[in-house]
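Enquirer: Need the 3D shape of this:
(2 chains)
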Amino acid sequence: MKRPKVLFAYRHGVLGGVATQLLNRYAEFNLRFDVRMLFEKDDGVTGRFPPGVAHAIGDPAERVGYMTDLAPDLTVIIDSPSMLQNWHSAGRRGTAVLEVHTTTANIGYLDQMDAGAGISGIVTVSDYMRGFVESTGIGSAVPVRVVSNCLGSEWFVRAAINGLQPAPGVPVIWVGKLDGHKRILTALDVLERIVVELDGEVRVVPVLIGGYASGSDRVRHVLQSAANRPALRDRLEWIPRVDYRLMPSVLRAAGRAGGISLSATKNESFGMSIAESLAAGCRVVAPRVGALPEIVPEVMLYPDQDYQAAHSMAAAMLRNRQLHAGELEAVSVRLESRMAPSSTLAQFDAALDDFGFAL
Amino acid sequence: MAGPTCRYSSACSSIGIETDRTMSETQRAESAGRDPRFQDSAADGSKLLSKLAEAEGRAALAERRLREIETSRAWRVVRRYRSARKRLARRSVVDDAKPNRLPVGTKGETLEAQVRVLHDRMKRWAQDSRKATGRQVVAIFSDAPAHGTSGGTRAFGLTKALLADGCPVFYGYFRNQIGPLPAGGTPELLMQSPIDATARILPHLLESDFGTKDKILIAAFPHEVMVRYMLYAAQNGWKVVSDVGEDWEEFERVGAAPWYEPAYERYVTDAAHAVVVASSGLAKKIAATSGRTATVVPNAGDETFMAADVFAGHGFPILGYFGSLTDRWFDWKLLMRAARRHTDVRFELIGFHEPPGVVYPANVTYLGNLDPTRVVAAAARWRAAIIPYSIGPLVDAFDPIIAYDFVRLGLPTLATHSPQLAAFPGFTVAESPESFVEMIGGLATRDRRDHVIPDEWLAQNTWDVRLAQYRRVIVDDDLSRSMSTYLVSEQQ
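Expert: Below is the predicted model of the structure:
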């Protein structure tokens, strides 16, 4: 039987965030649908899909031509108003659904849309985001459903790690872009306090992961800021980019060493980096913001911007590597069920049913 | 090449004496003796000499006053202010570049077009590299381009040795503004890429498959692109070396390293698998600032430079220099002092970055930026070479490639104080500017034919030998760093 043709359209062809989700779900979704990916610009993602699956087309007219020729049964447009325009210009072929991941000011495009946009429904990644989207212009006019982000089974492997040397210290991992949304400067403050408090007791190794695409000013500021903190200067490790395929090992090693993941983020539509830490067996210290309470155990959440609480929570976990081990195991099992690609596919199918069409 | 009109020629013209710069002094004297116009030349000569003495006296006074100003507190404050202003002005240009601290092009689409060209070239180069005979593939990142370089650079010296050994080289170089790309495929297995475009294709390079070849990334300058990608290189199996050829902090202080940030240098030094430096001075600085032990692999000379069989100098002594003439480290005041003190010595300069507006005395000639063949021909006439660099921390770290070239050309050399140079065969190092000027006299009277070029030294100081030294450092298995713990993929 011929599989329905589904096109996922997203502006940014850069690995991380949305594009990583598309990669994670591809194999499972391709069993059910004939999947294609369209980006406006390729910064390394198209080569990660099998040949012919993903395309990056910078010229709007060419994108319209591609959509016209492909004639997908369903086009899923992810936080990319320009791609919605392209779909309109291509004659609104098939059905279109919006997929919303962003929590930032970029979500304003939903307010500017009306029912005439031709959208059949909106999917988003968490209950938190559903409430957020339903409060916007278009969100009040079309149904909104939750389709969870997904993680491959490799994240949940509990096998012993061979060939990995123990770290010379207990890591505190921070993952993200070096920006104000993730509150990197605040995170440096908290990291510094943790290192100082535990000095002589636990050798804390702060590790920043991410930021290879950040602007020069930000890179310079963060490096200089770290250098100006005596406790961090000779201890902090910054890895601007880690191949996503290595991240399970990185976080698993951190967890086994008794380490934690620290977050100071302003908001999260889902909290993928936190979910990844939990899945890999690394405890987290995260703020109670956005969708994080949906995935993080209560004992690992601190009130937003209460950095004293964050610091105390982190210090307690670093002193006792068994603290909250039970909660960690339980949430990992829950996440494995919720975030399995097959589960995401089932949620996606259910959403399409709710939108009134079946593929 | 005729130089600018000098005071000597002008003075002679004013009293009716024609000068011919190709005549030797002996010939001129003989010619003057036979010419009836020179009956009154003795009186005119005295007038000229006393004018010269007067001018020298004023020059000496001006120099003293200049020294007083330069050492005054007010000047030091103003200089720091001006230096800071210059840095701010530079930064406001480069910070306008998005997203990284990279050169601003006149047209964004030109960079995009170049990125596309380079991406295609890189894919072809990677394919060709897999078939190359050498056992390594090297990506080297330098502050200077390989093509069109006037004079050798450390990075390009290593590059040539690698290419000669069948090892493909990706050569990334700094540029401050967008310009034409170097020709592709020349020579074969060398790919050159300006740093701004390189930032866009580097992930693809680092992820490329090079078969069983060892992959080496040499960060020969601590640029921001290195900070962003060196650990990603390590994840993809590259051995990463921080190669420190200069004291970059001092380079930045004199305005020669617009890309420099102390935090970047610290990061690159800390994050590399190994640190290699050009001089013992740099090794000490690395140890003091980062605690890392650096291996000294010095520079080497250009093997196209060989001493001529016959000394072609004239009766009067000529002392020569070739290389960078930038006033950032070439001490022009010192040279002029030496020239004024030793009017019986001629000084010849060859090179690039001559500052604008230099007024040459009669016995100093700038020959231009000559190709190596003409450099060798000029050097065959020199009694000796000089390296009049500004004494200070910048020069303390130097291991100047021209020093190796001077040895190869058989030139005894007088240099201002530099810890590395004292050990070079035929080199004399002056502790101070004053002693440099004093020692010019002795240098100029040396018979170059007495100078022996040590064959063993020549054999030990080539880029091939340096490459072998480099390989001993970077193929050492014990290059682990703590963070490599997180970059190892899980093994079953």
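
Enquirer: C-alpha only now, for contacts and for neighbours.
Expert: Will do.

Enquirer: By mean pLDDT, which helix or strand of chain B comes out lowest?
Expert: Of all regular secondary-structure elements in chain B, judged by mean pLDDT, DSSP states H and E, the least confident is helix B:7-14 with a mean of 34.

Enquirer: Pretty sure residue B:431 sits against residue B:415.
Expert: No: the pair residue B:431 and residue B:415 does not pass the contact test of Cα atoms under 8 Å, sitting 9.0 Å apart.

Enquirer: Between those two, tell me which one has more neighbours.
Expert: Per other Cα atoms under 10 Å in any protein chain shown, whichever of residue B:431 and residue B:415 has more neighbours is residue B:415, with 23 against 13.

Enquirer: got a list of what that one touches?
Expert: Taking Cα atoms under 8 Å, 6 or more residues apart in numbering or on different chains, we find residue B:415 in contact with B:386, B:387, B:388, B:389, B:421, B:427, B:428, B:429, B:430, B:436.

Enquirer: try 6 Å this time
Expert: Residue B:415 makes contact with B:386, B:387, B:388, B:429 under the criterion Cα atoms under 6 Å, 6 or more residues apart in numbering or on different chains.

Enquirer: So which of these is surrounded by the most neighbours?
Expert: residue B:386 (27 neighbours).

Enquirer: Would you report which members of the contacts of residue B:415 are assigned to strands?
Expert: Applying DSSP state E to the contacts of residue B:415, the entries found in strands are B:386, B:387, B:429.

Enquirer: What's opposite the closest residue to the first one other than its chain neighbours in the beta bridge?
Expert: Among residues not flanking residue B:386 along the chain, residue B:414 sits closest, at 4.8 Å (Cα to Cα, 6 or more residues apart in numbering or on different chains). Beta-bridge pairing of residue B:414, defined through DSSP bridges, involves residue B:386, residue B:428.

Enquirer: Against residue B:313, how distant is the most centrally placed residue in chain B?
Expert: With distances taken as Cα atoms, centre = their mean, residue B:324 lies nearest the centre of chain B, 5.7 Å away. Going from residue B:324 to residue B:313 by Cα to Cα, to the nearest Å gives 24 Å.

Enquirer: can you count the residues close to the closest residue to residue A:112 other than its chain neighbours?
Expert: The spatial neighbour of residue A:112 that comes closest, neighbours along the chain excluded (Cα to Cα, 6+ apart), is residue A:137 at 6.8 Å. For residue A:137, the count of nearby residues is 17 (other Cα under 10 Å).

Enquirer: Let me see the backbone angles for residue A:137.
Expert: phi -60, psi -60 (degrees, to the nearest 10).

Enquirer: Surely residue B:133 and residue B:165 touch.
Expert: No: with contact defined as Cα atoms under 6 Å, residue B:133 does not reach residue B:165; the gap is 8.0 Å.

Enquirer: which one of these two has more residues nearby?
Expert: Per other Cα under 10 Å, whichever of residue B:133 and residue B:165 has more neighbours is residue B:165, with 16 against 12.

Enquirer: ok, the closest residue to the more buried one other than its chain neighbours to residue B:202 distance?
Expert: Residue nearest to residue B:165 in three dimensions, not counting chain neighbours: residue B:134, with 5.9 Å by Cα to Cα, 6+ apart. Residue B:134 sits 22 Å away from residue B:202, going by Cα to Cα.
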